[in-house]
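>>> For reference, the sequence and a predicted model appear below.
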Amino acid sequence: YPNRIRGKLSDDKQMITTSWRGKTLTLPANFSGKKPGAELHSIHGLILQSKTDDVKVSDSADGQTVTGTIHAGDFGGHWLSNTDLDFSIQLAGKDVTATITAKNVGNVDEPMAIGWHPYFAIPSGDRTQARLHIPAAEMAVVNNYDDVFPTGKLKPVKGTKYDFNAPDGKALDGDFLDDNFSKLTRTNGDVDVQLTDPASNYGMHILGESPEIKTVQAYAPTDPGKNFVAIEEQFNFGDPFSKVWHGMDTGMVTLKPGQSVTWKVKLELFTPTAK
């Protein structure tokens, strides 16, 4: 699962518990905001705690492909069923395509969401003129930028500083972002987020190909030296099991035994049009 999940904190402050369809999930309490007393919660899923097996590398005329499988089981008792995850990272010319397929190999239903957390560099080092295009009509309202917990409310971005819909994007200027964008418009079936750095004549398409991708989390810090934007195309909204969503579809896919779902995103370099 991408993003944050809140729950009841254990006495030893190591775990949180939440529920899905009446079943309890116990997850690592591995993150909190920086302010004193900030609530511990679970973030960024369980994949990174698991070993990848069957790693293979194959060459092609213009690149290389790496594949592997995580036989995750129930992720150390943290998930409801047993899961296999097949990975593929393909470099072909100027493109990189990442594919993850999750399959329920257990005996009970399980929720599933997939995403990533890449930092895309701004080569010039000047974030103020770097431009971001996100084809989204809404964004999630959060309690603050320390916790970044969703309140369950969505608001339109049109006419606000969070409107990145212009074809050539909007300059980051001095604005901080840690926001979840939704109601996405697709181009040729893809969610086409773009990061451009005009000062270095550099552009990147982040193309979400999977129809299950419902939100984009964008993180753009303003700290000196942090010249990057994290662009996270993911299935779900933040804290997807929370009651704040009042039963809304938060993007978690239900996998019955034997079913699978695939997350696929392509990175594609391009040269921005000179102005």
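That came through fine. Quantities reported herein were computed from a predicted structural model and do not represent experimental measurements.
>>> Can you report how many residues neighbour the closest residue to Asn107 other than its chain neighbours?
Among residues not flanking Asn107 along the chain, Pro257 sits closest, at 5.6 Å (CB to CB, 6 or more residues apart in numbering). The way it works is simple: take the backbone N, C-alpha and C, and place the C-beta from them, glycine included. The tally of other residues near Pro257 (other CB atoms under 10 Å) stands at 14.
>>> Distance of Pro257 relative to Met204?
38 Å (CB to CB, to the nearest Å).
>>> Specify the beta-bridge partners of the residue lying closest to Asn104 once chain neighbours are set aside.
Distances taken as CB to CB, 6+ apart place Leu255 nearest to Asn104, at 4.0 Å, with adjacent residues excluded. Counting by DSSP bridges, Leu255 forms beta bridges with Glu110.
>>> Verify the contact between Leu255 and Val105 for me.
No: contact between Leu255 and Val105 fails when scored by CB atoms under 8 Å: they sit 9.8 Å apart.
>>> what residues do those two have in common as contacts?
81, 83 (CB atoms under 8 Å, 6 or more residues apart in numbering).
>>> who has more neighbours, these two?
Leu255 (22 against 16).
>>> Who are the contact partners of that one?
81, 83, 102-104, 109-112, 261.
>>> Narrow these to those in strands?
83, 102-104, 110-112, 261 (DSSP state E).
>>> Could you work out the most separated pair of the residues you listed?
Farthest-apart pair in the ones in strands among the contacts of Leu255 is Lys103 and Pro111; separation 14.1 Å (CB to CB).
>>> Not counting its neighbours along the chain, what's nearest Ala121?
Here the residue nearest Ala121, using CB to CB, 6+ apart, is Phe228, at 5.2 Å.
>>> mind listing what that neighbour touches?
Contacts of Phe228 (CB under 8 Å, 6+ apart): 119-122, 220-221.
>>> Now pLDDT and secondary structure too, for those residues, in JSON lines please.
JSON lines is the format used below for the contacts of Phe228 (pLDDT from 0 to 100; DSSP: H, G, I helix; E, B strand; the rest coil):
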{"residue": "Tyr119", "pLDDT": "97", "secondary structure": "strand"}
{"residue": "Phe120", "pLDDT": "97", "secondary structure": "strand"}
{"residue": "Ala121", "pLDDT": "96", "secondary structure": "strand"}
{"residue": "Ile122", "pLDDT": "97", "secondary structure": "coil"}
{"residue": "Ala220", "pLDDT": "97", "secondary structure": "strand"}
{"residue": "Pro221", "pLDDT": "96", "secondary structure": "coil"}
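>>> Would you mind listing which of these are buried?
120, 122, 220-221 (16 or more other CB atoms under 10 Å).
>>> Could you report the separation of Pro28 from Thr196?
37 Å.
>>> Look at these two and report which has more neighbours.
Thr196 (24 against 20).
>>> in which helix or strand would I find the more buried one?
strand 191-197 (DSSP states H and E).
>>> so the helix or strand that that strand is followed by versus strand 191-197, what angle?
Counting by DSSP H and E, the next helix or strand C-terminal to strand 191-197 is strand 202-208. Angle of strand 202-208 versus strand 191-197, following axes from the mean of the first three to the mean of the last three CA atoms, to 10 degrees, is 160 degrees.
>>> So what's the residue count around the residue lying closest to Pro156 once chain neighbours are set aside?
Among residues not flanking Pro156 along the chain, Glu138 sits closest, at 5.9 Å (CB to CB, 6+ apart). Glu138 has 18 neighbouring residues, counting by other CB under 10 Å.
>>> quick check, Glu138 in a helix?
No: using DSSP: H, G, I helix; E, B strand; the rest coil, the assignment for Glu138 is strand, not a helix.
>>> tell me the contacts of it?
Contacts of Glu138 by CB under 8 Å, 6+ apart are 154-157, 181-183.
>>> for Tyr1, same thing?
45-46, 111-113, 236, 240, 252.
>>> And Pro211, by the same measure?
Pro211 neighbours (CB under 8 Å, 6+ apart): Gly189.
>>> Please report the distance of it from Lys266.
15 Å.
>>> ditto for Val148
From Val148 to Lys266 the distance is 27 Å (CB to CB).
>>> These two: which is more packed in?
Val148 (21 against 18).
>>> Quick check: which element contains Trp267?
Wrong residue type there; residue 267 is Leu, not Trp. strand 260-270.
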